[in-house]
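S.K.: This is a predicted model, with the sequence first.
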2 protein chains.
Amino acid sequence: MSMEDPQVTAIEEADGADGAEGEPERPLRKDAERNRRRILQAAAEVFTERGLEATLDDVAREAGVGVGTVYRRFPDKAALADALFEERIDILVELATEAYGADDPWQGLAGFMETAAEMLSTDKGLRQILMFAPYGHKRVGYARSRMRPAVGRLVERAQAAGQVRPDLGATDIPVLEFMLGATAEYAREVRPDLWRRYLALILDALRPSRTGFTELPVPELSVDELAVAMRSNPLSGARPPSIKPAAPGGIE
Amino acid sequence: MSMEDPQVTAIEEADGADGAEGEPERPLRKDAERNRRRILQAAAEVFTERGLEATLDDVAREAGVGVGTVYRRFPDKAALADALFEERIDILVELATEAYGADDPWQGLAGFMETAAEMLSTDKGLRQILMFAPYGHKRVGYARSRMRPAVGRLVERAQAAGQVRPDLGATDIPVLEFMLGATAEYAREVRPDLWRRYLALILDALRPSRTGFTELPVPELSVDELAVAMRSNPLSGARPPSIKPAAPGGIE
DNA sequence: GCAGAAGTGGAATGCCGATCTCCACTTCTG
DNA sequence: CAGAAGTGGAGATCGGCATTCCACTTCTGC
């Protein structure tokens, strides 16, 4: 039993993501409430787009408020991110569960993989939270514990139907999703949907055997696109210092 | 036009990777020479292991010299990295070329993909230089321009032999290698060779059709391993501040 | 319509980690 | 053995970011 309905959207209802308050209610002032919503809204935009390395100043600017205001509502960055992604993680878990309802076992699995990849590739913040769990260990751990059996069932059912190779494991799914997410990020600037090509490839790999191959939904990267993807990628902690200050001691 | 023969190995011959000297020679003092070699050696170790975000202090410590000494030999970090990875990039290019010599076209392609993935998954610095090109644009660009046709030939030959699906493009190969490299990094602490499992999967995907499936060489990640991989991953700029200094006079 | 509570902006603070410089000292070489 | 070459490593400098603080503004209840 969860203590809160997981249906509520983070944007509208999350109140600091703690839920261990002695005080039941304390209606915010009208303007404050409006600002709180703006902040969540802005955080959604910024974290989704640029990931968790975006600063709270960025969020504040996007929201049109000062940083102080952000801190008045959320104890720290982690709390904000946590509140924000709660909903999305729940959606993911729900997807895995629902997919079991599909008539065709293969469709259930493949469809889930596609939808999940779709979410992940759109949402850099979600990707980071799920893949690297920098914040919200509890929430993510909980989500995973619900996800695991759901995905497991999905895989096993498809295997039992002879639609998926028997040597595939349940944990392969998140790893494959990780690969797709990484690819999406890599190609984001040139081809935001390149991951679909590789999902199709992977799905072909999951079949126990096949005659012919699935048509790939997206063309390969051109050589130039590949070059741009490489260059434009802001990932990795290894960036050359923007501009080197010349020797400072020289003149005084 | 490069002003130096790209064949020279970085460790033994690179001298600062500049090449714009008026002086043709200036033999280093014996101890200096020894140190220079130690530095390259240490850099190889450190950058390979921890990637380019390792600091020059790390390199210096590993080499058993002071940072100043490093700076005396290499103008800056980029120059050191550049000198260091030159050789490895060349090896990669050579591999692609050699693979064309294989009798079986499929073996040529598959073997190249495996060897390349092997190099990439072992060497975080190489991965970063190739995938994200933070330094050494010129060198990497040059390497790519030689790699492209070699890989293209490899793919086309295998396709002509009916061993690879015809909708595969040459640029798919580096992208797939990227995916494998990312996976290797992800699972590094728990299972350094997990990428082999996914390479096998991908290779199955590349066939135009198949009866049965290749046995996967490495078992799937256990649930615990997956959890550890997620948690232990130092990637991504979004780390929570190690310890928060409490507010002075704060309660709790 | 007003007092004071609640809320606000954003400059300022503090922290951290990284690169690169500087120079008193050590080691080599002729 | 003198002086040139080389060395170490402390610390100057930079930049970026989370978080705090407080003078000021806005709302709300009466």
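M.R.: It's in.
S.K.: how about the spatially most central residue of chain A, what does it touch?
M.R.: Note on chain A: the residue nearest the mean C-alpha position is A:Leu126, at 2.2 Å, using Cα atoms, centre = their mean. Counting by Cβ atoms under 8 Å, 6 or more residues apart in numbering or on different chains, A:Leu126 makes contact with A:Thr48, A:Phe85, A:Arg88, A:Ile89, A:Met119, A:Leu120. Every residue, glycine included, has its C-beta placed from N, CA and C.
S.K.: Farthest-apart pair in those residues, please.
M.R.: Pairwise distances across the contacts of A:Leu126 (Cβ to Cβ) peak at 13.6 Å, for the pair A:Thr48 and A:Ile89.
S.K.: got the phi/psi numbers for the residue in the stretch 1-150 of chain A positioned nearest to DNA strand C?
M.R.: When distances are taken as Cβ to the nearest atom of the strand, the stretch 1-150 of chain A reaches nearest to DNA strand C at A:Gly68, 1.8 Å away. Main-chain dihedrals, A:Gly68, degrees, to the nearest 10: phi -50, psi -40.
S.K.: and it, how many neighbours?
M.R.: The local packing of A:Gly68 (other Cβ atoms under 10 Å in any protein chain shown) involves 8 other residues.
S.K.: Tell me where chain A is predicted with low confidence.
M.R.: A:1-26, A:232-252 (pLDDT under 70).
S.K.: Am I right that A:Ser121 sits in a helix?
M.R.: Yes. Counting by DSSP: H, G, I helix; E, B strand; the rest coil, A:Ser121 is located in a helix.
S.K.: Neighbour count: A:Thr48 and A:Ile89, which is higher?
M.R.: A:Ile89 (24 against 18).
S.K.: what residues are up against the more buried one?
M.R.: A:Leu126, A:Ile129, A:Leu130, A:Arg139, A:Val140, A:Ala143.
S.K.: And for the spatially closest residue to A:Ile91 that is not a sequence neighbour, the neighbour number?
M.R.: Counting by Cβ to Cβ, 6 or more residues apart in numbering or on different chains, A:Ile91 lies nearest to A:Met119, which is 7.4 Å off, once chain neighbours are set aside. The number of residues packed near A:Met119 is 19, by other Cβ under 10 Å.
S.K.: try A:Arg36
M.R.: 22.
S.K.: Looks to me like it is in a strand.
M.R.: No. Under three-state DSSP, A:Arg36 sits outside any strand and is assigned helix.
S.K.: Would you check that my belief about it contacting A:Leu80 is correct?
M.R.: No. Taking contacts as Cβ atoms under 8 Å, A:Arg36 lies outside contact range of A:Leu80: 10.6 Å.
S.K.: Residues in contact with both of those two, list them for me.
M.R.: Joint contacts of A:Arg36 and A:Leu80 (Cβ under 8 Å, 6+ apart) do not exist.
S.K.: which SSE is the residue nearest to the centre of chain A in?
M.R.: In this structure, A:Leu126 is located in helix A:124-132 according to DSSP states H and E.
S.K.: Restricting to C-alpha, output that helix in CSV.
M.R.: Taking C-alpha atoms only, helix A:124-132 is exported to CSV below (Å, rounded to 0.1, in the frame of the first residue of the first chain):
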residue,chain,number,x,y,z
LYS,A,124,17.6,13.6,-20.0
GLY,A,125,16.8,14.1,-16.4
LEU,A,126,14.8,10.9,-16.2
ARG,A,127,17.6,9.1,-17.9
GLN,A,128,20.1,10.3,-15.3
ILE,A,129,17.9,9.6,-12.4
LEU,A,130,17.1,6.1,-13.6
MET,A,131,20.5,5.1,-15.0
PHE,A,132,22.8,6.8,-12.5
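S.K.: Following the chain onward from it, which element is next?
M.R.: helix A:137-160.
S.K.: From chain B, how far out is A:Ser121?
M.R.: From A:Ser121 across to chain B, the span is 13 Å (Cβ to the nearest Cβ, to the nearest Å).
S.K.: Please tell me how far that residue sits from A:Thr183.
M.R.: 8 Å (Cβ to Cβ, to the nearest Å).
S.K.: overlap in contacts of the two?
M.R.: A:Trp195.
S.K.: picking that back up, now for the contacts of A:Ile89: which two are most distant?
M.R.: A:Leu126 and A:Arg139 (12.0 Å).
S.K.: Next, show the common contact partners of these two.
M.R.: By Cβ under 8 Å, 6+ apart, the residues touching both A:Leu126 and A:Arg139 are A:Phe85, A:Ile89.
S.K.: from the contacts of A:Leu126, which is closest to A:Leu28?
M.R.: For the contacts of A:Leu126, the nearest to A:Leu28 is A:Phe85 (22.3 Å; Cβ to Cβ).
S.K.: and the stretch 1-150 of chain A, which residues reach chain B?
M.R.: A:51-53, A:76-78, A:128, A:131-135, A:137, A:140-141, A:144, A:148 (Cβ under 8 Å from any Cβ of the partner chain).
S.K.: Apply the buried test to the residues you listed and list what passes.
M.R.: A:51-53, A:77-78, A:128, A:131-135, A:140, A:144, A:148 (16 or more other Cβ atoms under 10 Å in any protein chain shown).
S.K.: Dump these to a markdown table, plus distance to B:Thr115.
M.R.: Output for those, formatted as a markdown table (distance: Cβ to Cβ, whole Å):
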| residue | distance to B:Thr115 |
| --- | --- |
| A:Gly51 | 33 |
| A:Leu52 | 35 |
| A:Glu53 | 34 |
| A:Lys77 | 43 |
| A:Ala78 | 42 |
| A:Gln128 | 31 |
| A:Met131 | 27 |
| A:Phe132 | 29 |
| A:Ala133 | 33 |
| A:Pro134 | 34 |
| A:Tyr135 | 38 |
| A:Val140 | 36 |
| A:Arg144 | 35 |
| A:Arg148 | 35 |
